[in-house]
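Undergrad: Provided below are the primary sequence and the corresponding predicted coordinates.
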Amino acid sequence: MTWENSAITIATLLPVVGAIVIALMPKSREREIRGMGIVVSGAALAIAIAIAIGFDYGTDGLQYELDLDWIGAIGVRYHVGIDGISLPLYVLTFLLTFLCAIYTWRFVPDPGRTRGFLALMLLLETGMAGTFIAFDLILFFVFWELVLVPMYFLIAIWGSANREYASIKFFLYTLFGSIFMLLGFLAMYFQGPDPHTFDMVALRDFGAGGGFSQTFQLVVFGAVALGFAVKVPMWPFHTWLPDAHTEAPTIGSVLLAGIMLKMGTYGFIRIAIPFLPYGAEKYAPWIGALAAIAIVYAALACLAQKDLKRLIAFSSVGHMGFVMLGIATLTEIGIQAAIFGMVAHGVITGMLFFCVGSIYDRYHTREIARIGGGMMQTMPKLGGVFAFVAIASLGLPGLAGFWGEIMALLSSFSPSEVFLADRVGLFRLYMVMGGIGTVLTAGYFLWMLQRVNMGALPDQWRQAGLRDVLAVEWVSWLPLLALILVLGLYPRLVFGVTDDAVGGLMRLLGS
Amino acid sequence: MDVDYHALLPEFILAGTILLVLVVDVFLPERTKWFAMPLGLVGVVASLVAVATLIGAGTRVSFGGTYVVDEFALLFKGFFLVTAVVVLSVSLRYFREGGFYQGEYYFLLLTSFLGCVMMPSSRDLLLLFIALELVSAPGFLMAAFRKGDVKSNEAGVKFFIIGVLSTAVMLFGMSLIYGVTGGETQLAEIASALADVPGELQTLTYAAILFVVVGFAFKVSAFPFQFWAPDTYEGSPVPVAAFLAVASAVAGFAGLLQLMFVAFAEQHEFWVPIFAFLSVATMSVGNFVALRQTQMVRLLAYSGIAQSGYILMTFALVTDDAASNRTAFAAGVAYILIYGIMNLGAFAATVAVSRRHPALLIADFAGLRETAPVIAVGMAVFMISLAGVPPTGGFWGKLLIFQAAIERGGGLGPALAVVMLVNSVVSVFYYLLVPRQMFLREAADRSRLRVPALVTVVVGAATIALVGIFVLPNPVARLAEISSLVGLGP
């Protein structure tokens, strides 16, 4: 065991160890429990950063690779590694969880029970991080499913009024999708290279070289894509998301939006497209159509929302629509845009949910009409942060939200010449729809700011003693706020990492 | 007649213990009747040690090939004896406090387990019948052991009538086999005799196979012989329900595996569609009816029916291809082992709650995280495992069956896999009802629940086992693989 082959395993499994330790701590040691949450997630983040520093940015191969036998009887291996596509998402996972742990220092949602809360959060972290480093299909699936149980309990126990409905809906929807994905994986195992393997590198090389028959690809791409599409979520599989987001506690929403949705889009880039390129080619116009619908639909839905958190949730559907549109073009720019969009959305929407959580903490309502406006007068700092993040989310140039959207639109102007040469007109239509979506997005975000931040302050809040941003909030938010700015001004921070890996992927697909 | 006494040692020890328990009970004063339990426990553990000495000793044949101790038999014997330890452990307090006839109970329970232990070695129709009856007959009595309760009486009578009926059908089927094969009762001989049955007897052969399957379908509570299970489980004392759901059902599967893979393997084209139907109907009925349950033991009963459906599916995956059959067989065996662990755990947790809430409604589990945290966490793991979701062993159980189904291919395999998938998703809904009560609701009485130490140990061990199997499933997968019966027929 060397640092090179064990680092990502240590970082990924450390939170589980932390979760067990926290679960065994005495209930009365509240401060120590919260401190332990910060220490464990901070240590994991430190290892993740060390991995990023030691990463060789010049190649497209797997690094920090470890390949061990796990279940010999059915050919499942513990194969993990990291490349330019995984790295940004992997580090983001640890960053967001660490910030959530800091946030929990001050804010533990009702009904308390901090031990369980933090233990589940750390378990969730392992599931999310593991998904991005798994290079064995079954291992990938295990990590993928591992997030279900902790997230279910986070919503069901610490959520708001309608939490039971939302949590079970979340569980059943994602399980239903992922189970078809599993069937697809098993089918690829038996139709794949001889001897059968679940290894994702071997299957990628086999599939990208046209190893699977065309009919097989059409069927299996459908099954696998269904699992990913529910997670993203793509329209019309998105209905679990507004409920789950709205009812989840703040950090549940942050991690759900920040990381978990990306597992779906990551699956498309990592598995569905390279393994089944013919299926990707045939499904791409449809995926693009759903993405374009999602963008417009989500924007219209946002205009109609009365609940602040639900509004942000629907905006996620739209942003993930841009990500999917980029992927559907099957071009290098499109996939680069998608990965950038994933990171940017994780940072921005995660931050938006932090804001909404803090607004709820002050007002004890999320209804825009009840808040009634004037937040800039009572809490200028919180209002300012909220405005900044909302404007980043609507895609203002110079902030993080801009690059992913503009490049997704650009790539849909000229979709892949190899795969989609006869669909150019269609994708340009999607581009126009996306363009309309950006205008509507700007519209609903500005309108939201107008109703929450601006306007006359209702009397009831004047003397309510609303407290502006607290120190602990600054600590957990500043890294994200800085990232929003840095990613906007210096997008190479992500593109520089993903360049080679995406380039390698495209060469593999022959374009 | 060649008799390998070493190979029969586990059965001898168990039989001796049974007699000892019966005799000692007569001389024990009422206050110390419970002493039969530790006595039985020692006997079971001794028998388990005897099983352990046989590991790696190769296939040992007694009574002219009718009684075989091989890897398959040893695996199941070990499973049954561990189950016996668990059922005995959760019985002690329950029967001491309930004012039952304790001596008789332990005698009957151990007799049933003797039948279980005999089952996987019985490679002969008559022996199979004896083993099956040895499992069932004491069960009829034990189900009715809560004598003061009408429900318990109903449980016993229902179990008895349906049990006897299906046994009669099975015996009729066995007699037909005897006739068709020209006087064979040994499974391997039956297989070769059936290979050259004249054309005009073909239909009769098929009818005979069908009748024999009926007897076992009753034991494993397969559709349409499932409806005794919920009523009987609910009426029985909870440890007896645990016995019926785990030991008795698995004994049924052990018998079925031997019959189908050794005696009737050649006729698979006839019985595969039957098992496909049985499996789909059983899992669907179990899961969909479970959605409506409000009582814990009934929920577990329907869940058990659904799980039987999953296991039955592995029979429907049999083809001419020995390699794919071996995968299906191993998947079934692995699932049975994991099923046993999670179900025993769930029943043990139910026993813990039954002391305060004898009615055992699902709502009675409210706030258990506060009143009995270890039991609550364990129960949550059992439910998630029964649903087949990581991080639990149940996940691998389902995955192995899926894999076997996809490997079989040819339309039927994937189709069955899809049905099972949809069923799995449905099942999540009702399995999560229980954690929801335990972790989201508050108990009316928030004082600590006093849980017998043995019950806590059982729940803890099962929880650790399930999480352990999730992390390292290799041993289970390997065990299931090496204990194959595939290819023992002609």
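TA: Structure received.
Undergrad: give me the residue from chain A nearest chain B.
TA: Nearest residue of chain A to chain B, counting by Cβ to the nearest Cβ: A:Ala73, 3.6 Å away. C-beta coordinates here come from the backbone N, C-alpha and C atoms, glycine included.
Undergrad: Contacts only, for that residue.
TA: Going by Cβ atoms under 8 Å, 6 or more residues apart in numbering or on different chains, A:Ala73 touches B:330, B:474, B:477-478, B:480-481.
Undergrad: what do you get if the cut-off is 6 Å, keeping everything else the same?
TA: Each residue near A:Ala73 by Cβ atoms under 6 Å, 6 or more residues apart in numbering or on different chains is listed here: B:477-478, B:481.
Undergrad: what does A:Gly434 give?
TA: By Cβ under 6 Å, 6+ apart, the contact list for A:Gly434 reads A:295, A:409.
Undergrad: And the pLDDT for it?
TA: In the prediction, the pLDDT value recorded for A:Gly434 is 93.
Undergrad: Going by secondary structure, it is in what exactly?
TA: Secondary structure assignment for A:Gly434, by DSSP states H and E: helix A:424-452.
Undergrad: Can you list the buried residues in that helix?
TA: Of all the residues in helix A:424-452, those buried under the rule 16 or more other Cβ atoms under 10 Å in any protein chain shown are A:426-427, A:430-431, A:433-434, A:437-438, A:440-442, A:444-445, A:448-449, A:451-452.
Undergrad: what about the strands in the stretch 151-300 of chain A?
TA: Shown for the stretch 151-300 of chain A, no strands are assigned by DSSP state E, counting those that start in this stretch.
Undergrad: Which residues of it lie near chain B?
TA: Contact residues (Cβ under 6 Å from any Cβ of the partner chain) of the stretch 151-300 of chain A with chain B: A:156-157, A:175-176, A:179, A:186-187, A:190.
Undergrad: coming back round to it: got a winner among the contacts of A:Ala73 for most neighbours?
TA: If you count neighbours using other Cβ atoms under 10 Å in any protein chain shown, the busiest of the contacts of A:Ala73 is B:Ala477, which has 21 neighbours.
Undergrad: State the distance from the residue lying closest to that residue once chain neighbours are set aside to B:Ser447.
TA: Excluding its sequence neighbours, the residue lying closest to B:Ala477 (Cβ to Cβ, 6 or more residues apart in numbering or on different chains) is A:Ala73, at 3.6 Å. Counting by Cβ to Cβ, to the nearest Å, the separation of A:Ala73 from B:Ser447 is 47 Å.
Undergrad: one step back: among the contacts of A:Ala73, which are located in helices?
TA: Secondary structure from DSSP state H places B:477-478, B:481 of these in helices.
Undergrad: tell me which of those is nearest to chain A?
TA: B:Ala477 (3.6 Å).
Undergrad: Just the pLDDT for that closest one.
TA: 83.
Undergrad: residues contacting it?
TA: Counting by Cβ under 6 Å, 6+ apart, B:Ala477 has contacts A:71, A:73, B:334.
Undergrad: Run through the chain and note the low-pLDDT ranges.
TA: No chain in the question, so chain A it is. A:511 (pLDDT under 70).
Undergrad: um, chain B though
TA: Checking chain B against pLDDT under 70 turns up B:1, B:488-490.
Undergrad: What parts of it come near chain A?
TA: Residues of chain B lying near chain A (Cβ under 6 Å from any Cβ): B:390-391, B:402-403, B:406-407, B:421, B:425, B:428, B:439-440, B:473-474, B:477-478, B:481.
Undergrad: Go again with 8 Å.
TA: Neighbours of chain A within chain B, by Cβ under 8 Å from any Cβ of the partner chain: B:330, B:384, B:389-391, B:395-396, B:399-400, B:402-403, B:406-407, B:409, B:414, B:417-418, B:421, B:424-425, B:428-429, B:432, B:435-436, B:439-440, B:473-474, B:477-478, B:480-481.
Undergrad: Buried ones only from these, please, as a PyMOL command.
TA: To isolate the buried ones among the residues of chain B next to chain A in PyMOL, judged by 16+ other Cβ under 10 Å, type:
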select buried, chain B and resi 330+384+389+390+391+395+396+399+400+402+403+406+407+409+414+417+418+421+424+425+428+432+435+436+439+440+473+474+477+480+481
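Undergrad: Can you list which of the residues of chain B next to chain A are found in helices?
TA: For the residues of chain B next to chain A, the ones inside helices are B:330, B:384, B:395-396, B:399-400, B:402-403, B:406-407, B:414, B:417-418, B:421, B:424-425, B:428-429, B:435-436, B:439-440, B:474, B:477-478, B:480-481, with DSSP H as the criterion.
Undergrad: longest helix of chain A?
TA: Max-length helix for chain A by DSSP H is helix A:332-363.
Undergrad: List the buried residues for it?
TA: Neighbour counts over helix A:332-363 (16+ other Cβ under 10 Å) mark A:332-363 as buried.
Undergrad: Next, count neighbours for the residue lying closest to A:Ser213 once chain neighbours are set aside.
TA: Excluding the flanking residues, the one nearest A:Ser213 by Cβ to Cβ, 6+ apart is A:Gln191, at 7.8 Å. Residues lying near A:Gln191 (other Cβ under 10 Å) number 19.
Undergrad: so A:Gln191 touches A:Phe212, yeah?
TA: Yes - A:Gln191 sits in contact with A:Phe212 when judged by Cβ atoms under 8 Å, with a separation of 6.1 Å.
Undergrad: element containing the residue nearest in space to the middle of chain B, please.
TA: Nearest to the geometric centre of chain B sits B:Val250, at 2.5 Å (Cα atoms, centre = their mean). Assigned by DSSP H and E, B:Val250 falls within helix B:249-258.
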